[in-house]
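Asks: Predicted structure and sequence below. I'll ask about it afterward.
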Amino acid sequence: MKYLRVVKKVKVKMDVWYLIKKVLLSLIISILIGQSVQASEVWCWGYNYYGQLGDGTTTNRLTPVQVQNLSGVVQVAEGLYHTCALKQDNTVWCWGSNDYGQLGDGTTTQKLTPVQVQNLSGVVQVATGSYHTCAVKQDGTVWCWGNNAYGRLGDGTTINRYTPVQVKNLTGVVQVAAGGSHTCALRQDGTVWCWGHNGYGRLGDGTTTDRYTPVQVQSLTGVVQVAAGGSHTCALRQDGTVWCWGWNSYGQLGDGTTINRYTPVLVQNLSGVVQVTVGGYTHTCALKQDGTVWCWGDNHSGKLGDGTTTDRYTPVLVQNLSGVVQVTGGYAHTCALKGDGTVWCWGQNYYGQLGDGTTTQRLTPVQVSGLTANLIFDHRSLGGYHSCAIANLNQITLSPESISFTKPGETRKVTVNNSGVTITSITSSDPKVFQIKNNTCINSSQDCSFDVVFKPEQLIDYTGTITVNYSGDSKTVSLQALLSRNASTPVACSKPPTTSQPVERKPGTAFVIITQVGECK
């Protein structure tokens, strides 16, 4: 059995069916994960007209920005124009568009920063559709809120709900998937149940009749994961095969045709799958056990990642991408998380949703700028024109943050607290005066330390910097140390004291401040 690394230095056996049983009624983050994801902050990028990036503005972002007032997050899901996060305390927080009450705060007011979903606790998984949101609770029940056209909330009505209502006649659920106007749930017995709009047969019950309460998908058992798109649905079975149904005009069902299917059909030429995602309305992707990603369907803007814009009716390999542990489809783009924590995206980039600092569409994966992530946006949700990840960019801290030297020859120790990145170098701006000794940090990804020895050439004021360079992969982030000294009393020296300008503090960097007060004898 293959192994994939989900969080740095953690290997997880990919016995998917076993994991589904294990996490039933506990924290369900992903069927790829055999243990809880490290809780952290959320960073988003791309389209922000409705405030769905959560940074308090409506400005599109070409690179990741941190969601405000939100920490301790273990799962993030993005809908068409809104985003929701599950915190480790089992509460749900949402932000962005709220026209139909999809944020669950009891209003229809747009929110630029997270608000807590009302009357909801004990949640283990959240999924976001186009204009609705659903959650699985620890007791195996499903609760939904927002737009209820076609009965997508599953409460037996078509009334919009501004706070969560329970889906009727459904228990023992381990995960939920929210699509454009329908919703599906996976039960602990491996069956899939769907409700809402049934155009093109997306509910999988053999009809095109809308359902206000759950109906069972026909001829499908042994399922370990379900994903819902705009007008089609896919499921991963225990044997590593993928089955899809619903709209198929672009070949998004992967059966080699463009025929709509009212019941599940097998995706051709695909096996050994550990995760499936449905992006928007027209494309589908799967992660295989060997860490490769395969996509099919509409290839407008290159969202399939094969280097072309040609639609594919059966799976094709995403180019130049390996070691993947999670894949997720947005509305017109796709993103993948690698085992080293780097995030790679491809496809449409009109709003900067690829996170590479440009608005240029990409036919093959490009790395998201400056991001080392624990998890990316959830693969069971519809996806929009933005992207999000759970991450903590401040992965190195220096202690102490300031050092004051009082005489030549003094030595001070600096401790580096490291969350798992590899340190590539430590440099001094004036290596003759501020010498680095006993350095145990180079090529280390553990906590380490080094000494700074003060060796002045003259008894005058000195300032300098120490920089700790580290890398999550190919992107190096500099953690600077500012060595600033200001003499407290006048000193008489052979040369007048020099005046140094303070070093500007850059966003996202930490500093060690070292001050030296010299004496002349």
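Replies: Cool, got the structure. Numbering: from 1, shown residues only.
Asks: looking at this, V416 is in a strand?
Replies: Yes - assessed with DSSP: H, G, I helix; E, B strand; the rest coil, V416 lies in a strand.
Asks: for it, which residues make a bridge with it?
Replies: With DSSP bridges as the criterion, V416 is bridged to L398, C448.
Asks: Report the contact partners of it.
Replies: If you count contacts by CB atoms under 8 Å, 6 or more residues apart in numbering, V416 has them with I396, T397, L398, I423, C441, D447, C448, S449, F450, V468. (Glycine included, C-beta is placed from N, CA and C.)
Asks: farthest pair in those?
Replies: Among the contacts of V416, the pair separated by the greatest distance (CB to CB) is T397 and F450, at 14.3 Å.
Asks: Start and end of stretch 232-247, how far apart?
Replies: 5 Å (CA to CA, to the nearest Å).
Asks: Low-confidence ranges, this protein, go.
Replies: Scanning the chain for pLDDT under 70 picks out the ranges 1-39, 392-395, 401, 419-421, 459, 471-521.
Asks: List only buried entries from the contacts of V416.
Replies: Taking 16 or more other CB atoms under 10 Å as the criterion, what is buried in the contacts of V416 is I396, L398, I423, C441, C448, F450, V468.
Asks: Just the closest of these to V65, please.
Replies: Nearest to V65, judged by CB to CB, of the buried ones among the contacts of V416 is I396 at 20.5 Å.
Asks: what's the distance between the closest one and V76?
Replies: 24 Å (CB to CB, to the nearest Å).
Asks: go on, T209?
Replies: 34 Å.
Asks: any idea which strand is longest in the chain?
Replies: Looking across the chain with DSSP state E, the single longest strand is strand 362-376.
Asks: strand partners of it, parallel vs antiparallel please.
Replies: strand 342-347 (antiparallel), strand 386-391 (antiparallel).
Asks: just how off-centre is the last one within its chain?
Replies: Spelled out, it's strand 386-391. Distance of strand 386-391 from the chain centroid (CA atoms, centre = their mean, to the nearest Å) equals 4 Å.
Asks: which residues in this structure form helices?
Replies: For the chain, the helices defined by DSSP state H occupy 16-23.
Asks: How is it divided into domains?
Replies: For the chain, automatic domain parsing gives the domain ranges 3-391, 396-516.
Asks: any idea which of those is most buried?
Replies: Of all these, domain 3-391 carries the top mean neighbour count, a mean of 22, counting by mean count of other CB atoms under 10 Å.
Asks: ok, now which ones touch H182?
Replies: By CB under 8 Å, 6+ apart, the neighbours of H182 are G129, Y150, R152, C194, W195, G196, H197, N198, R202, L203, A228, T233.
Asks: beta partners of it?
Replies: For H182, the beta-bridge partners under DSSP bridges are G196.
Asks: how far away is G72 from W93?
Replies: For G72 relative to W93 (CB to CB), the value is 10 Å.
Asks: list residues touching both of the two?
Replies: K87.
Asks: thinking again about what came up before, now render the contacts of H182 as JSON lines, adding distance to K413.
Replies: Formatted as JSON lines, the contacts of H182 follow (distance: CB to CB, whole Å):
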{"residue": "G129", "distance to K413": "54"}
{"residue": "Y150", "distance to K413": "65"}
{"residue": "R152", "distance to K413": "60"}
{"residue": "C194", "distance to K413": "61"}
{"residue": "W195", "distance to K413": "62"}
{"residue": "G196", "distance to K413": "61"}
{"residue": "H197", "distance to K413": "64"}
{"residue": "N198", "distance to K413": "67"}
{"residue": "R202", "distance to K413": "62"}
{"residue": "L203", "distance to K413": "64"}
{"residue": "A228", "distance to K413": "55"}
{"residue": "T233", "distance to K413": "58"}
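Asks: and those residues, which of them are in strands?
Replies: The members of the contacts of H182 that map onto strands under DSSP E are C194, W195, G196, A228, T233.
Asks: Who's the closest spatial neighbour of the fourth one, skipping the chain neighbours?
Replies: Distances taken as CB to CB, 6 or more residues apart in numbering put G179 closest to A228, at 3.3 Å, once the chain neighbours are dropped.
Asks: measure the nearest residue to N417 once chain neighbours are set aside to V414 for me?
Replies: Spatially, and ignoring its direct neighbours in sequence, N417 is nearest to T397 (4.6 Å; CB to CB, 6+ apart). Distance, T397 to V414, using CB to CB: 11 Å.
Asks: likewise G106?
Replies: 50 Å.
Asks: my guess is Y470 meets N417, correct?
Replies: No - using CB atoms under 8 Å, Y470 is not in contact with N417; the gap is 11.9 Å.
Asks: coming back round to it: which one of the contacts of H182 is nearest Q110?
Replies: G129 (17.5 Å).
Asks: what's the spacing between the closest one and I376?
Replies: Using CB to CB, we find G129 at a distance of 18 Å from I376.
Asks: Could you do N90 as well?
Replies: 21 Å.
Asks: Next: V416.
Replies: 28 Å.
Asks: now R362
Replies: 16 Å.
Asks: thought Q225 was touching Q275?
Replies: Yes - Q225 is within contact range of Q275, at 6.5 Å (criterion: CB under 8 Å).
Asks: Strands along the stretch 251-400 of the chain, start to end?
Replies: Counting by DSSP state E, counting those that start in this stretch, the stretch 251-400 of the chain has strands at residues 261-266, 273-279, 283-288, 293-297, 312-317, 324-329, 333-338, 342-347, 362-376, 386-391, 396-399.
Asks: among those strands, which is nearest P114?
Replies: Among the strands of the stretch 251-400 of the chain, strand 386-391 comes nearest to P114, with 11.9 Å by CB to CB.
Asks: Can I get stretch 148-167 in PDB, CA atoms only?
Replies: Extracted C-alpha coordinates of stretch 148-167, given in PDB (Å, rounded to 0.1, in the frame of the first residue of the first chain):
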ATOM      1  CA  ASN A 148     -33.400  26.800  -1.000                       C
ATOM      2  CA  ALA A 149     -34.500  26.900  -4.600                       C
ATOM      3  CA  TYR A 150     -35.200  23.300  -5.800                       C
ATOM      4  CA  GLY A 151     -35.100  22.100  -2.200                       C
ATOM      5  CA  ARG A 152     -31.300  22.000  -2.000                       C
ATOM      6  CA  LEU A 153     -31.400  22.500   1.800                       C
ATOM      7  CA  GLY A 154     -33.300  19.200   2.200                       C
ATOM      8  CA  ASP A 155     -35.800  20.400   4.800                       C
ATOM      9  CA  GLY A 156     -38.800  19.500   2.600                       C
ATOM     10  CA  THR A 157     -39.400  23.100   1.500                       C
ATOM     11  CA  THR A 158     -38.100  25.700  -0.900                       C
ATOM     12  CA  ILE A 159     -37.900  28.500   1.700                       C
ATOM     13  CA  ASN A 160     -34.600  30.300   2.000                       C
ATOM     14  CA  ARG A 161     -33.100  29.800   5.500                       C
ATOM     15  CA  TYR A 162     -30.800  32.400   7.200                       C
ATOM     16  CA  THR A 163     -29.800  30.000   9.900                       C
ATOM     17  CA  PRO A 164     -29.200  26.200   9.800                       C
ATOM     18  CA  VAL A 165     -32.100  23.800   9.400                       C
ATOM     19  CA  GLN A 166     -31.800  20.000   9.700                       C
ATOM     20  CA  VAL A 167     -32.000  17.900   6.600                       C
END
